[in-house]
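>>> here is the input, now give the coordinates:
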Amino acid sequence: MFLSTDFILHQSVASESLSVDTFSYKNDVYVAISAPSTESCLIFQWDHIEMNFRTYDNITGQSIVGCKSVIIENEVFVIVAQLFGGSHIYKFDDDQSRFNKFQDIEKGPYKLLNIHTFIVFTHKLERGQDVS
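Below is the predicted model:
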């Protein structure tokens, strides 16, 4: 018996992309794909019945090079990095079931080309502890 370890194509998206990010929210799985040729950050949601990703939302912009999700206190944000026109942060609106612009990232000499997330851990020290 021969077992193959090759990946097989499951689904294609009709747009070239520069980055792909996955995130989970309320027991659903999503994919955010930056598509500069269509000036979009495409958001797909996993369809548990059809067993594929379906279009969920489309965040438009100028020369989008990155879409990165961040979940903070059960709220979903998508950071959209653009080459032109500044970059933006979008927040998911449960009532409208879509992403709305939440914050602009200042224009300036710096451009977001590659987005990484990190977690900052805080440590509470009690008085009287020796921290040396």
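>>> chain neighbours aside, what residue packs nearest to R54?
In space, and not counting its chain neighbours, R54 is closest to D47: 4.8 Å by Cβ to Cβ, 6 or more residues apart in numbering. Backbone N, C-alpha and C define where each C-beta goes, glycine included.
>>> hey, what's that neighbour bridged with?
With DSSP bridges applied, the residues forming beta bridges to D47 are N52.
>>> next: A81.
According to DSSP bridges, beta-bridge pairing links A81 with G66.
>>> what number of residues are in the vicinity of it?
A total of 24 residues lie near A81 under the criterion other Cβ atoms under 10 Å.
>>> and the pLDDT at it?
pLDDT recorded at A81 is 89.
>>> the residue nearest to R54 and Q11: what is the separation?
The gap separating D47 from Q11 is 10 Å, by Cβ to Cβ, to the nearest Å.
>>> residues shared between the contacts of the two?
F53 (Cβ atoms under 8 Å, 6 or more residues apart in numbering).
>>> so which bits of the least confident helix or strand in the chain by mean pLDDT are buried?
Ranking every helix and strand in the chain by mean pLDDT, DSSP states H and E puts strand 98-105 at the bottom, with a mean of 87. For strand 98-105, the neighbour count (16 or more other Cβ atoms under 10 Å) marks F99, I105 as buried.
>>> ok, D47 and Q11, which is more surrounded?
D47 (13 against 9).
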